[in-house]
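**Student:** Below is the sequence, then the predicted model.
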Amino acid sequence: MITLLSSIGFHYYETVNQSLQLQWLPKDRAPQMLGWLIATGSASTLVVYGLIVLLWERFDLTYNMVFMTAGGVTTLIALFCLLAYPQFDSPTPQNKKLILRRRYWLYYVLQFMAGARRQIFVVFAGFMMVERFGFDVHEVTALFLINLVINILVATLLGRFVAYFGERRTLIIEYIGLTVVFTLYGGIYWFGWGVLLASVLYVVDHVLFALALALKTYFQKIADPADIAPTAAVAFTINHIAAVFLPVLLGLLWVVSPSAVFVLAALMALASLGLSCMIPRHPEPGNETVFSKYGVPAAAE
């Protein structure tokens with residue numbers, strides 16, 4: 001029950017978080033600001049990891065103490081924000097019901113593929129490091145710390161990259177990179193490549209996550225401002241559809257052939273690459289995909 005409550009809380013928070021980001025950030029500065037937010041989140045996580053490492057044995061901490069402290073601090077921060085800051089009104093009143101619009105179809109499909117890619121990384125890339133190379137807890141944690149440090153350093157640069165090159169080129173680069181990474185993951189099983197390459201691929205895989213902010217800014221540019229909140233909820237649901245069945249199905253495939261899992265992941269990345277090529281160079285309402293000029297105008301939808 002506690003895990004269920006935590007999951008509901010996280011999904012509620014993340015949906016609202018993404019919705020408010022796209023409502024409040026100006027379109028011309030959104031990529032840079034999203035990069036700053038990623039870097040800030042990574043920095044706070046790194047601080048907490050560091051405190052746990054430094055204080056766990058010195059003060060004989062327990063899981064109960066850490067969880068109670070984390071929950072208490074979070075509650076105090078929430079109460080402070082409630083009392084110290086005014087109630088902000090949305091720049092645009094939001095639609096109060098869930099909405100599925102035909103002209104957002106490419107965004108929906110890309111969200112589904114992003115959820116599938118996330119499951120490959122979260123479940124199977126980490127499992128490979130443990131099963132194939134026998135990583136212990138501290139070694140996996142070290143990879144997490146490296147990922148956090150790199151995110152702090154490069155996330156803001158990636159935000160500028162999206163702002164300069166646009167969502168289409170950014171997502172094309174991300175999915176080309178993912179195709180290469182997943183193919184090389186498979187090569188670890190085919191050719192017996194070592195732990196160093198696997199660790200580098202794991203870090204590169206994580207860095208490519210940050211480029212996914214281009215998907216948020218793509219939607220921000222094509223969306224009716226009143227659709228942002230309900231569509232954030234719909235998109236988060238679509239993103240998590242893959243989480244329902246992929247771990248089970250690919251887990252069964254993993255037992256037979258771990259390399260086949262990564263081959264399938266590379267094919268998913270190639271499919272995402274093809275989809276990203278459908279994003280126009282200058283997305284906006286009425287120009288949601290490269291096919292928009294051949295279809296029914298958005299205003300007539």
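**Tutor:** Sure, I can see it. Numbering: from 1, shown residues only.
**Student:** Show me what counts as buried in stretch 208-224.
**Tutor:** In terms of neighbour count (16 or more other Cβ atoms under 10 Å), stretch 208-224 has its buried residues at 208-223. No exception for glycine: its C-beta is placed from N, CA and C like everyone else's.
**Student:** now that stretch: how far from the chain's centre is it?
**Tutor:** What separates the centre of stretch 208-224 from the centre of its chain is 11 Å, taken as Cα atoms, centre = their mean, to the nearest Å.
**Student:** thinking again about what came up before, go through the buried residues of stretch 208-224 and flag which are in strands.
**Tutor:** Taking DSSP state E, every one of the buried residues of stretch 208-224 sits outside strands.
**Student:** And those residues, which is closest to Leu34?
**Tutor:** Leu213 (4.4 Å; Cβ to Cβ).
**Student:** what sits against that closest one?
**Tutor:** Going by Cβ atoms under 8 Å, 6 or more residues apart in numbering, Leu213 touches 31, 34-35, 38, 158-159, 162.
**Student:** one more time with 10 Å
**Tutor:** Contact analysis of Leu213 by Cβ atoms under 10 Å, 6 or more residues apart in numbering lists 21, 30-35, 37-38, 155, 158-159, 161-162, 167, 170.
**Student:** what number of residues lie near Ser259?
**Tutor:** 15 (other Cβ atoms under 10 Å).
**Student:** I'd like the distance between it and Ala198.
**Tutor:** 13 Å (Cβ to Cβ, to the nearest Å).
**Student:** Correct me if wrong: Asp28 contacts Ala163.
**Tutor:** Yes: checked against Cβ atoms under 10 Å, the pair Asp28 and Ala163 is within contact range at 7.6 Å.
**Student:** Neighbour count: those two, which is higher?
**Tutor:** Ala163 (21 against 8).
**Student:** which element is that one on?
**Tutor:** helix 137-191 (DSSP states H and E).
**Student:** Pull the distance from that helix to the chain's centre.
**Tutor:** For helix 137-191 - counting by Cα atoms, centre = their mean - the centre lies 11 Å from the chain centre.
**Student:** same check, this time on stretch 45-63
**Tutor:** For stretch 45-63, the distance to the chain centre is 26 Å (Cα atoms, centre = their mean).
**Student:** Can you name the residues in contact with that stretch?
**Tutor:** Applying Cβ under 10 Å, 6+ apart, the contact partners of stretch 45-63 are 65-66, 68-70, 73, 138, 141, 144-145, 147-149, 151-152.
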